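Chemist: sequence and predicted structure, then a few things I'm wondering about:
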Amino acid sequence: MIPALEIRNLVKSFADGNVIAVDDVSLAVAPGEILSILGPSGCGKTTIMRIMAGLERADAGDVLLEGRSVLGVPPHKRNVGLVFQDLAIFPHKTVRENVAFGLRMKGVKGADIGRRVDEALRLVELPPATFARRMPNELSGGQRQRVAVARTIVVEPAVILFDEPMAALDRRLRDRMAIELRRIQKQLNLAAIYVTHDQETASMMSDRIAVMLHGRLMQLGTPLEVYRTPANRFVADFIGDMSFVAATVSGAENGRTRLDVFGNPLDLASDLVPAAREVTLGLRPEHVRLEPEKTVDAIVRGQLKSTYFSGGSFVHRLLLSDGTELVARSEKAAFQPGQELWVAAAPEDIRVLAS
Amino acid sequence: MIPALEIRNLVKSFADGNVIAVDDVSLAVAPGEILSILGPSGCGKTTIMRIMAGLERADAGDVLLEGRSVLGVPPHKRNVGLVFQDLAIFPHKTVRENVAFGLRMKGVKGADIGRRVDEALRLVELPPATFARRMPNELSGGQRQRVAVARTIVVEPAVILFDEPMAALDRRLRDRMAIELRRIQKQLNLAAIYVTHDQETASMMSDRIAVMLHGRLMQLGTPLEVYRTPANRFVADFIGDMSFVAATVSGAENGRTRLDVFGNPLDLASDLVPAAREVTLGLRPEHVRLEPEKTVDAIVRGQLKSTYFSGGSFVHRLLLSDGTELVARSEKAAFQPGQELWVAAAPEDIRVLAS
Amino acid sequence: MIARGRIEPLLLGGITGLLLLIMLSPILTVVVMSLTDGSTLQFPPPGFSLRWYRSAWELLADPADTGRFREALVTSLAISLTVMILASAAGIPAAYALVRHRFRGKPLVEILVTLPLVFPLVVLGISFLVIVSELGIEQGFLRIVVAHVILVLPFVVRNCVASLTALPLSHEEAARVLGANWWRSLMEIVLPTMKPGIVAGMLLAFIVSFNEFTVAYFLYTIDVFPLPVWLFSRSNTSLDPTIFALSSGVILLDFILIWILDRLVGRQGVTL
Amino acid sequence: MVRAAISRAAGEERPAGPNPWLLLLPAGVFLGFLILASLLILRLSFGVKGAEWSTWTLESYRAILSSLYLKSILLTFRLSIVSTAITVILALPVALFMARVTQAYLRRLLLLVLLLPLLMNLVLQSYGWLVLLAPDGLLNRALRLLGLIDRPVLFLFNESGVTLGLVQTAFPLAVLPIANAIRTIPPSLEEAAALLGANRLRVIRHVLLPLAAQGILAASLLVFAFNVSAFVVPFLLGGRRVSMLALLIRDQMGPLLNWPFGAANSVVLVALALAVLAAYQHLARRRVR
Amino acid sequence: AGEFAGKTLRVLTWTDESGQAAVNNIMKPFEAQTGAKIIADLTGATSEMVAKVKASASNPQYDLVILSGVGAIELSKQGLLEKPDADKIPNLQKVAPDLRFGGDGYAVGYLLSTQGLMYSTARVDPAPTSWKALWDDRYAKKLFLPPPQWVEAMELTLVAIHLSGATVEKPDAGFEMLKQLQDRVVTLGENPPQVAELFRAGTLDVGGPTSPLYYPGTLGNPDYALNITHDLAEGFYFDPQFMIMPKGHPGSSDAVHALMNYALDAKVQAKMVGSVAYGTLNQEVVLPPDVLKRPGIVSPELIKAKGISINQPYLAQVRAEWIQRYTEIFGM
Ligand SMILES: Nc1ncnc2c1ncn2[C@@H]1O[C@H](COP(=O)(O)OP(=O)(O)OP(=O)(O)O)[C@@H](O)[C@H]1O
Ligand SMILES: Nc1ncnc2c1ncn2[C@@H]1O[C@H](COP(=O)(O)OP(=O)(O)OP(=O)(O)O)[C@@H](O)[C@H]1O
Ligand SMILES: [Mg+2]
Ligand SMILES: [Mg+2]
């Protein structure tokens, strides 16, 4: 199947090459798929979108829309929808005029416009009778968001790009909107790319996640893949919390690897162990158990720094002997700060990463 | 012990009484304690702080600093520190001058100023040698944040107020700063009030949380108390996720209450059941189990709408027969969307709230 | 950027350049004329020389100052300087009150402060003439200064308002909470951050007052004879290119002042 | 914006610093003179020549209705409106360009070039125009050389010369507010329109111009008020053949010594300025909201 | 040190070259001779001087104002002037009796401003001999006329009245005749150097009435090819110029009288005629031949033969109305 939108080896730098915003990124999104681009601030997410939409010119690489290169095609002739971070609702136009704008520009006829606008408004659950005549400043944040979406989908773009359009909403509303966006996207079988730096939102709404750092693509996969088998420390830490413990490979045999963690031996069933002698073990807080006494699956010892309660469980912060910090979650809080504890985890929950 | 800061029955309205920003709020914070004020946007958090600092005049109520009323004392004569939401670093002064400002205003002598500024900068981990001479625009967001803190603590206020100073930082940095703030506060044994609308941050750093809505204090307690025994639906939902299921009280005897949940009987050990016949059951996602077949602790049936993976577990969204939505978390994902499932939970994990 | 195309900036730039050239053309002509080596306004000049600059210099350096040129220049500079100082003394606190305070009658005050911007200069000049003659004020310097201060007040106030609005209230409040009384927070925080607006207002005040003709024309006296009036009366007598050389000098001065203005004001821009 | 407006109104427990009226006092002293002057003119307008302070009559206002002054008022209006329209239309592309210029040196140069004509001594500029626009001037010679005309056209000493002067001097008054208005329009609005299929012209028409409308209107009012009371331009470029109101006022107050009549005309002019200003302030306040 | 050492006089007169000439030929020598200090204000036309004297009536700034007759009449009517003492001005005896005083005796004669017809010697040949040249089709759109508030405008009106056969009392036909010039006039020349410049550039061919004293630097200059003729069939107007003392003037009265007397001295008047082409008042003045040959200079004989003194008191009455009508014709 031809991807709805594909980018190939995109490169883009700013400030005369001093800032490399996008560094050789390739991606494709299929019809009916939502792909999230996830990464910290400044990693180049917006820049990629702008290049896709034709608002920015790439230094190298290609952008293909339904299989055809659109390099050099100006934005108003591409069939790409973009929902801006600040929504970019036209403040001087009513909701109806905002949504109708694209149709008018495309030369759609009057009667058709009315019908399609109403349809789009209904799709985003803004009853036209109530909302069509409102001015944007008479809308709440969530409603404005819907108008921006309606305005974009009404012109039936080949692909729709969302540039963190919900960053300004509070978490509760953001979750609701994310779910709704997903519903609309599936209903219209649109291809969509969703940019965010919030991994929760990304997981919630997307089929696949592309994790970026410093303009480079770090990993591309389903939310589960990315969480379970992060490609590197950065991805691991960015998708959910992860604590890192330094370890040394002391031997390997029969598909098992022996490690040395601060003097404690650890035996893992892993052929994934890299050749490097120094490795990093990644532990998710919810996979870690704290034990007052050494257990079979104990890995390392640490001193409890503090415990607080958050989101239904207790969060414990421990200091290891080399000063690194380790986070564990538990249902119960049974320890005192200052206490020395063993950190235990099931071998299959331990990730081994290159240092 | 005399509280470091106390407010009594504070009332404040704006726009000639049309907007009641603070509605009869009383609070106290003890030396060495951090109290978080948590609430949605516009609930009056900032207004309370401004009244405490003397930047705003209360309509009624009293503000006591170390036991003495400070009504009528102008801000520069109160001994209250305030870290502003926008940090309010003076852009035309160096880091050193910013931090020294308060000391100069208090008439501290030159040599003393130098020493105390260096000390404060070291405390917030900005080595004076590197940072003292920088201008604010040469600092990163986190560093600016530290300067704002240093500038406030250096004058040794009786209490220090933080008005969401980290809202602009990303989550990772915010967590780090929260932990650090807490360290500094404990080290100096300061009384502190921290305003935020992020429950994660509030839980992480505070001894007690005050939850506000529409200018009113909803609940005051430790993070654990507030999570475990939310005073009402709003608090329950605001502090972590909670799903709500409508139920009817059908009888009560021997400290047990019988409920009717969509036709299914439910028996709870609860004398907390309110007199009301219509009640709401509150369920935390992590306390809910989904079962294909009815179990003893099954509560209600629902249809699985969607499942996604986030933060180490699967999130399931179900639709109950009355259209309400219910969220459950599980380690494994074993069901198909559309499937009918039973929602089960241990009786002690079910909250009964007034409707 | 692709969005705006490459043609558009060029096109707009071209139109802008052309229009500004037209707007500037009389000034450029004056400069070119000052370099003529003829003695009439023949344009383009038959040849170029600096002879009229020499004659302008002689006028300026004439020890007896018979042409009263130097006197006029000094008078104008003194007026502008005084106007600048008085206008900022009046305008800066007014701007502060307008931005930071809420009081009854504020809309009226706002209108009043902007009024001089649209008040007919002729009426201003004449009514002042009537006032001074009725009150018997013969102080020519003072009356021009007062009229000019009124005239430039909007420039000062509006620029100060612009820069003060950009200063978040929280900065002032931070200073207060850190123990600064109102006066010290004003000196340490408010005024330094308002600097671009203050400088813009002051320089505009100076430039406007220095070049203002209409009001000065009605209010000058025998002893107080500002440069624009001097230039006018001189050009009524003879149009030899000396006056163009002198004018070029004034242009240069204005040019430098506006340049400084922009340097000091920077990104904030000038409010008219 | 709303937030800023709200917090600005916040008051301390005890008001800090001096009373606002004290702060307004110095400006008030000067503006007091302006009010005094206006009242004086108002009073004079009800007087009789030679007995300005002791009589009350509407004679001067009746005299305004005489054909000459009515004609002059109409002429003043017409020229102001025409010059305002031209100024604002010409200002649009320049403002558009200025608003989007990022290079510091270019911005600086633009501002400089823009402000010079407004601030420069007009007496001097009028000689520049004389050289350029006279029948024997550069423009005529250029046009003749291009074969566009065979007899010199008189650009000076008539309405076209005055209009040109009005446009030239008021130009920055139009460009700066419009540029400021455009600068506040988020570029994302333009981009959004482009992505919805609007070409550049339609983006300008449907997005930029409507959004800058208030700035454009404010600029128009400013320019109109400035031009309607213009004195130097018709005085120097009109060859005394374009009798705008300010010139006639000056003739009445000066050579003809008919103060009441000059005052009555001044009242008309000031009333006009006030009306325009009120409209301008109204707009400005609406924009803040 | 002279008799008025330490005394300061403030003199207000024209902005143009004649003011400068007065400074050089009258005030400077007078300063040297008497030790008085004179501050000269060379600004404006008569009307502006009137306005200034009037405006400062309650607190006079000037000791002596030199202006044209209309202004003197206006001010004397308003009672703002101090009556001069003829005995302290012996040179007045050398002036024709009807030109000694003006403004009901409140003004002392100074010099004569004569208004002739200006033409370009390069393009108008032979020299015009009648004011009809202004209505000549050949000079349409090459014509300048005086601005409304000037005395010259009234003189032009008088010319038109004369040519149309109307009378001063019933001037309508004259104004009709002026209307014929409505579309022919290029500018109402208020700025003489500008007018000269327009002649030089070929924009103007004829114009007037105008006084040679406005064109000191250009009249003889071959670049400009200008002349002003007074030898016209209908005659030419002259406008006696006066010296007045504002009531309550700040300086010494004796010194002012002495300055007036000095201004009327035959040698001084000859110098003034020579430098700015005035018509003389002092009948004992003899002009050297080279001066007489200069363009624009009117000999005492020509003044006698063709000079017409305008009826200032009457004109002062109709002035406002005439200016309005004139403005209506040319200023819209
Ligand atoms: N026009 C520009 N000129 C110079 N540098 C730019 C420009 N636009 C972006 N950059 C730089 O390119 C990098 C990537 O920017 P981009 O806006 O794509 O980041 P982002 O991932 O969208 O970040 P955020 O989450 O903060 O929106 C950043 O370092 C940014 O500073
Ligand atoms: N000066 C003011 N004038 C009018 N209303 C005000 C003013 N200050 C605050 N309010 C209103 O009072 C209420 C409480 O405002 P406040 O700033 O205390 O909220 P907040 O809890 O800090 O919100 P946020 O999280 O958005 O900062 C809001 O409805 C706000 O609009
Ligand atoms: Mg971005
Ligand atoms: Mg707040």
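Modeler: Yep, that arrived. Ligands and ions are numbered 1, 2, ... in the order given.
Chemist: how about the residues of chain C that lie near chain E?
Modeler: C:39-42, C:129-130, C:132-134, C:136-138, C:220-223, C:225, C:229, C:233, C:235-240 (C-beta under 8 Å from any C-beta of the partner chain). Placement of C-beta: from N, CA and C, glycine included.
Chemist: how about the helix ranked longest in chain D, does it reach chain C?
Modeler: The helix of greatest length in chain D, counted in residues with DSSP state H as the criterion, is given as helix D:67-100. Yes: residues of helix D:67-100 are located near chain C by C-beta under 8 Å from any C-beta, namely D:90, D:93-94, D:96-98, D:100.
Chemist: so which bits of that helix are buried?
Modeler: Of all the residues in helix D:67-100, those buried under the rule 16 or more other C-beta atoms under 10 Å in any protein chain shown are D:68-69, D:72-73, D:75-76, D:79-80, D:82-84, D:86-88, D:90-100.
Chemist: how about residue 212: what's its closest non-neighbour residue?
Modeler: Since you didn't name a chain, this refers to chain A. Take A:M212 and drop its neighbours on the chain: the residue closest to it by C-beta to C-beta, 6 or more residues apart in numbering or on different chains is A:G39, 3.6 Å away.
Chemist: could you do chain E instead?
Modeler: With C-beta to C-beta, 6+ apart as the measure, E:G296 is the residue that lies nearest to E:P212, at 2.7 Å, once sequence neighbours are left out.
Chemist: can you pull the contacts of E:V53?
Modeler: E:V53 sits next to E:12, E:60, E:62, E:65, E:75, E:80, E:246 when contact means C-beta atoms under 8 Å, 6 or more residues apart in numbering or on different chains.
Chemist: drop anything exposed from the residues you listed.
Modeler: Neighbour counting with 16+ other C-beta under 10 Å marks E:12, E:60, E:62, E:65, E:75, E:80, E:246 as buried within these.
Chemist: could I get the contacting residues of the third one?
Modeler: The contact partners of E:Y62, taken as C-beta under 8 Å, 6+ apart, are C:222, E:10-12, E:41, E:52-53, E:56, E:246, E:249.
Chemist: and what of the fourth one?
Modeler: Counting by C-beta under 8 Å, 6+ apart, E:V65 touches E:11-13, E:49, E:53, E:71, E:243-246.
Chemist: let me see the ranges of the strands in the stretch 51-200 of chain D.
Modeler: Per DSSP state E, counting those that start in this stretch, the stretch 51-200 of chain D carries no strands over any range.
Chemist: residue of it nearest ligand 2, please.
Modeler: D:P186 (21.8 Å; C-beta to the nearest ligand atom).
Chemist: and the gap between that residue and A:D170?
Modeler: When C-beta to C-beta, to the nearest Å is applied, the distance between D:P186 and A:D170 equals 22 Å.
Chemist: with A:L27 instead?
Modeler: Relative to A:D170, A:L27 is positioned 30 Å away (C-beta to C-beta).
Chemist: give me the more crowded residue out of those two.
Modeler: A direct count of neighbours by other C-beta atoms under 10 Å in any protein chain shown for A:L27 and A:D170 places A:L27 higher, at 20 against 14.
Chemist: if we can go back for a sec, filter the residues of chain C next to chain E down to the buried ones.
Modeler: Here, 16+ other C-beta under 10 Å leaves C:39-42, C:129-130, C:132-133, C:137-138, C:220-222, C:225, C:229, C:233, C:235-240 buried among the residues of chain C next to chain E.
Chemist: that's all I had, so thanks and see you.
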